[in-house]
Every structure is written in structure tokens, then in C-alpha cells.
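Novice: just coords:
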DNA sequence: TTGTATGCGTTATCAT
DNA sequence: ATGATAACGCATACAA
């Protein structure tokens, strides 16, 4: 492997000069610069990132933590981040936490050892108190997730409004018995609290009170959706519509409903969240809340790079708008 | 950041001894070992991977190149690789080439500079002649892709058989006019050549000759599928069944067909490839060829680790079986 | 404008 | 069983 010494030897210059060329320092004669560049090409020279990291603090690598890459929401998110990063000459180191606190901590340590310059977290498993100490080693930006009681830079979606307009849409369609799935616990201050609030606000504005039987907690997957629908079918007092937490849950609900001969939206109206590609593939096509995933990825990376470049700068929190996409399931 | 020196200082031992503890060397007294381990914990010490990489050749990082992470086939593949790697104390550095030869080369350079110990390529953009030189820096394993004229270790699926059993299934159902989508060009020795061969063999065994009008090349996405169906609908002599190259293309075909009132499988039978989650979400549920993605990811990582551990060892090529999953679209 | 020398954190070699 | 030291490849402070 060609090193900086090889280039120095070949050109007859010192390692320092070669290094200066690599790093675009001023005060280098044009001839030597050209000389070095030719030599680098000839030798197929490529700077060794490990040495650079060890020496300076430059890595131009961004770490991204996702809970699960097979979740399309996150694979699209990572994809958009990667595109923007690449354009800015940054690399993305993707890591899936598997919703495991140890894996998450393991990855945060890469910040400590400067394998990554900064980290974008799209989910949070550990308590913030355990994560906060890592911010001294580099910026951490929250994307999609957020914490009300901390002041980390955050890029997120207006989840409250997303849910609100979804429920509003169902109300406008005449529904009064509206079920609701959440990925969390329907607690005041827990996961998905914003969405919960949107649900509650919309209902209370319509003068409808929440029926606890129609609240389904901890739902995420297609199978969860199927189970939800099974439960609904066994109820005496059934909801006429259901707001699911994701297109995947909605897919499960639809599949199960159709398997039992229910008509959608006549027997039950269904609304998703995300507007993933499957939303259009389902039959009936899924009414859902579109999240600007690409934009969120872009803003996150741009924000982190800003933080990286201006060590003392700050990035204002960004809240992206969501949108109702009406199709045939409502 | 705590370094090995800090640990040495705190314990009153030398850096060398600390290093030995870290690397599980023999000949260390139990007491000192315990002493060091306590100190490491106390200081929150974590070895610096850059320094290790620079010094030795140990990184325990595997690089994986995928064309596009948003393609579920690849996100599931990467996921299974990551799981196995983590169990073996390896990290996965995922990179998407975007089917761009420069990005691919860029990533291969990480092998040269030892950022990764070895690389698993799930797609190949450059000519092998341009990739081959990198094998001197570390093992490269091909997963899913393969090259007939090279001897890189390869883990792949029996694509020929996959296509063969799919076509055979359609023939058994009485179809004689069977369309076919390929991701490549239907060339003798190009991309997807194995699948093409499976298609041709099955047809010729049934005494049916290939109708070039029913061959659709370069198809990958849902939209491609929609276009394929549009074309079919305009034909005078229409196929009664179509073998698509992926569940996504199949989804596009189904959507377009239903949008125009065609019944499936009565008006046209459709068969996918992959058995992705969407296969079961489509209506009608999709008959498809199941690929053992998880197994492929596992075998790849295990194979690469074997290569990594035994520098001179070799890994035999692995060909995994595929399976026909009959649902309602045929 | 260019060169010399030092250290980043680690591990292998050679002593002890 | 443990310690001192050199070297990995690079970037910077200091000298020239």
C-alpha cells in the first residue's frame, strides 16, 4: 500500500509537503503541487483514514443509528441521508440498534474513539442521561425521535398534526367510533406521546371521549395489525374506523379483515402512517399520512454537517409538515 | 478520552501489560488481570479502533456493498449479515453503491486502507479486472452475484432452478403463452443469465419456443411492472401468464391489471421472485419463488470470517436452494 | 515555500 | 510474568 512516504520519495519532497498538498494548504508552489498529484495518481495513493483519525480529528464520517434497517421507513431515511452525505464528501456509517440498549451504547462509543465525527439517532433506547455524556465527543442530532426535556438539535415531523388530520378525516367521513394503534403505551409522556395527543385533541374537539377498548398499544408489524383486527372482530361494540400507527400495521389489518370477508371501507375504514410504497399496493389502496422522509434525512445530515463545521454553532430544531393522502381505504 | 496509558497509570502497570489483558494474552497473573479490568471499567476505557487498525491488522469490521438499501431484498440481506456478524463480534460497515462504479471503487479502497478486513459484494458494477487487484488487501466474497470466469468465493442461489420451477408451475397450470421479465438483457452471458436459462430450458422441455415479444428486459421496479402490463394489454397476441423478476415488478403488474379490470389469475397469471413481505399483502396473494435471504446472509458472513481467520484457507462456493411458494396469483 | 521532528493510541519485539 | 520501545501513516508546530 502506497503511503505518504512513498509519494514523498517518488517526488523527492518531504512528507510534510505531500501532506499539505493532500489537505489543500496554501503556500505551495504550483509545480510541486502538480508533481505530488501526479505521483499520487501513479502510485494509486489513498490516504489512510485510520492514521488521519488517530492524528487529527478529521474523519468526515457520520454515524446513523436506526432501530431496524428492514423497516422501510428507516431504509428510505438512511438512503436519503447517504445521498446528501456523499454529495458533501461525507461517508455514512449505518448501524442498527435492534432496539437494544447495549448495541446502542456500543455504537455511541465510536464517537468517543472518533470513528465517526457525529451521530444522527433515529431512535433512542437508552435514557438520555446515559447518552448525554457522549455529546462531549461530538455532536449528536436527533432525527424523527425527540426529547422534550433535553436540548439536542432535532429534526422531526409534526406527529401531533399528522394524527390530528388523520382522525379529523375519519370524523369528517362520519365516523364516531375510531380505534387507535400506538407504538408506545398511550402514556402522557412516553413514546408517541405527540400522536396520542393529536388523537385525543381531534376526538375531544368533536365531543367524543376515548374508548380504552379501542386503544391498541405496542403495535408495529404486519402481524400486529392482523392481531388487532382479530380482536376487533371479537368485540361486541366495534369501532367503525381505525387509525394505525404505520402502513405496515394497516396492511395487517386489511389482510385480516379481507380474509374474514369484511369490506373496506364499508365495514371498517383504515388509515395508515408513512405513505410507504406498499400503501399504493394494497387493495384497497391505503389512505395514509405522508411523511417527508427524504426531506427529513436531508435536513438531518445538513444540520449535523453544520454542527461539525462550526464547532460552536447551533442548529435550530426543525419540524417538518406532514400531509394526508386520501385513497380508498377510508 | 481514556487511553491505554491512563489505564496503565491508574494500575501502576505498563502499557504493554494492559494491552495484553485487552487482547487476552496468556502469561498474565490473575491479580493484575483483574486489576486492569477494574481500571478499564472505572475509566470507561474503550480501545481506539483507529490506533488498532493503524498498528496491527485487526479491525473486526466487515464491509458490505449493496446497490440500494431501500430494496427490501438487500435490506433483509444486510440485516441478516449484521446479526451474524454481531454474534461473532464483527461490525458491519454498510455501503450502497447506487450502481455507480466510482462509489464502488471508493468503497473497495477501504479494504486497501484496512478500514475493513474483508468485503462482501452483493452486486458488481465494475469489471472484475478492476476489482481483482483489491483481493490482495483482504478477502472479497460474492453474495448473490457471481462471475463464471473468476474464482472468488461465492454464496448464491440456484437462480436457474428458481426460474425453472416457476415456469414449470405455470406450464402445469396449462399455460402455453408465458411472458418473462429480466433485470438484464436476456443475453447469453449477461446479468441474470441463469434465470434466462431456466426459462428457456423449461419452455423447450415443453416443446414451446420463446416469443421475443413477451420478453421484457431491464425491469426492476413497481413502475416497470405497471409498464409491462400496459404493454401486454396493447398486444394482439397476449401471454396468459407472466414470470416477473421480483415481487415488486409483480406488484406493479397486479396493480395495473386490476386497475383495468383484469382478473388474476383468470385473465393473467403472475409469479414473482423473492417472497418479500409484500407477496402476502398483495391481492391476490402472490405466487413467488422464495429465496432464503437470511441463510444467504449468514453463510456469506460465516464464509468471510473463515477466510479472515485462516488467511490461507478457502471457502467452497455455496449454492442455496430456492423454493416455489404457491399462493393465489397463479 | 519547504523540511524536521513529534505524537496520536496501539501492539509486537526484545529485554528483563 | 512484566516492562521499555519502536512502528503503523499522518498532520502540525517549529525551524529554516
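Specialist: Ah, there it is. From a predicted model like this one, the values you see are computed outputs, not experimental measurements. Numbering: from 1, shown residues only, chains lettered A, B, ... in the order given.

Novice: Leaving aside the residues adjacent along the chain, what's closest to residue A:54?
Specialist: Spatial nearest neighbour of residue A:54, excluding adjacent residues (C-beta to C-beta, 6 or more residues apart in numbering or on different chains): residue B:50 at 4.5 Å. All C-beta atoms are positioned from the backbone trio N, CA, C, and that covers glycine.

Novice: what kind of secondary structure is that neighbour in?
Specialist: helix (DSSP: H, G, I helix; E, B strand; the rest coil).

Novice: Please verify my assumption that it contacts residue A:55.
Specialist: No: contact criterion C-beta atoms under 8 Å: residue B:50 and residue A:55 do not qualify, at 9.0 Å.

Novice: who's more crowded, these two?
Specialist: In terms of neighbours (other C-beta atoms under 10 Å in any protein chain shown), residue B:50 is the more surrounded of residue B:50 and residue A:55; the figures are 22 against 12.

Novice: show me the contacts for the residue positioned nearest the centre of chain A.
Specialist: In chain A, the residue lying closest to the centroid (C-alpha atoms, centre = their mean) is residue A:122, at 4.1 Å. Listed by C-beta atoms under 8 Å, 6 or more residues apart in numbering or on different chains, the contact set of residue A:122 reads A:64, A:65, A:66, A:67, A:74, A:77, A:143, A:144, A:145.

Novice: which one of those residues has the most neighbours?
Specialist: Most surrounded of those: other C-beta under 10 Å gives residue A:64, at 30 neighbours.

Novice: so which helix or strand takes in it?
Specialist: Per DSSP states H and E, residue A:64 falls inside strand A:61-66.

Novice: hang on, the earlier thing: got the contacts of residue A:122 as a markdown table, with distance to residue A:163 and pLDDT columns?
Specialist: Shown next, in a markdown table, are those (distance: C-beta to C-beta, whole Å; pLDDT from 0 to 100):
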| residue | distance to residue A:163 | pLDDT |
| --- | --- | --- |
| A:64 | 26 | 95 |
| A:65 | 25 | 94 |
| A:66 | 22 | 94 |
| A:67 | 20 | 92 |
| A:74 | 20 | 94 |
| A:77 | 20 | 96 |
| A:143 | 19 | 95 |
| A:144 | 15 | 91 |
| A:145 | 16 | 85 |
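
Novice: which one of those residues is nearest DNA strand C?
Specialist: residue A:65 (22.5 Å; C-beta to the nearest atom of the strand).

Novice: Can you give me the distance of the closest one to DNA strand D?
Specialist: According to C-beta to the nearest atom of the strand, to the nearest Å, residue A:65 stands 27 Å off from DNA strand D.

Novice: was I right about that residue contacting residue A:119?
Specialist: Yes: Residue A:65 is within contact range of residue A:119, at 6.5 Å (criterion: C-beta under 8 Å).

Novice: shared neighbours, these two?
Specialist: Common neighbours of residue A:65 and residue A:119 (C-beta under 8 Å, 6+ apart) are residue A:107.

Novice: Other residues contacting the helix or strand where residue A:204 lies?
Specialist: In the assignment (DSSP H and E), residue A:204 maps to helix A:193-205. Residues outside helix A:193-205 that contact it (C-beta under 8 Å, 6+ apart): A:159-164, A:166-168, A:171, A:178, A:180, A:182, A:184, A:186-187, A:209-210, A:243, A:245.

Novice: Tell me which of those residues fall in helices.
Specialist: Among the contacts of helix A:193-205, the ones falling in helices (DSSP state H) are A:159, A:160, A:161, A:162, A:163, A:164, A:166, A:167, A:168, A:171.

Novice: Neighbours of the fourth one, how many?
Specialist: For residue A:162, the count of nearby residues is 23 (other C-beta under 10 Å).

Novice: Just give the nearest non-adjacent residue to it, would you?
Specialist: Closest residue to residue A:162 apart from its sequence neighbours, by C-beta to C-beta, 6+ apart: residue A:322 at 3.9 Å.

Novice: related to what we said a few turns ago, in TSV, list the contacts of residue A:122 along with distance to residue B:280.
Specialist: Listed next are these as TSV, based on distance: C-beta to C-beta, whole Å:
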residue	distance to residue B:280
A:64	30
A:65	30
A:66	24
A:67	23
A:74	21
A:77	24
A:143	31
A:144	27
A:145	30
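
Novice: Out of those, the closest to chain B would be?
Specialist: Nearest to chain B out of the contacts of residue A:122 is residue A:74 (C-beta to the nearest C-beta; 8.7 Å).

Novice: Three-state assignment for that closest one, please.
Specialist: helix.

Novice: nearest spatial neighbour of it, skipping sequence neighbours?
Specialist: residue A:66 is the one closest to residue A:74 (C-beta to C-beta, 6+ apart), at 4.2 Å.

Novice: wait, doesn't the one you found sit right on residue A:93?
Specialist: No: Residue A:66 is not in contact with residue A:93 according to C-beta under 8 Å; the separation is 11.5 Å.

Novice: coming back round to it: just the buried residues from the ones in helices among the contacts of helix A:193-205, in PyMOL please.
Specialist: Remark: buried members of those, expressed as a PyMOL selection using 16 or more other C-beta atoms under 10 Å in any protein chain shown:
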select buried, chain A and resi 159+160+161+162+163+164+166+167+168+171
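
Novice: now, the most widely separated pair of the ones in helices among the contacts of helix A:193-205?
Specialist: A:159 and A:171 (18.5 Å; C-beta to C-beta).

Novice: Can you name the residue of the stretch 151-300 of chain A nearest to DNA strand D?
Specialist: Nearest residue of the stretch 151-300 of chain A to DNA strand D: residue A:153, at 25.6 Å (C-beta to the nearest atom of the strand).

Novice: re the thing from before, okay, the ones in helices among the contacts of helix A:193-205 in TSV with distance to residue B:329 and pLDDT next?
Specialist: Listed next are the ones in helices among the contacts of helix A:193-205 as TSV, based on distance: C-beta to C-beta, whole Å; pLDDT from 0 to 100:
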residue	distance to residue B:329	pLDDT
A:159	37	92
A:160	40	94
A:161	39	95
A:162	34	95
A:163	35	97
A:164	38	97
A:166	31	97
A:167	35	97
A:168	37	97
A:171	37	97
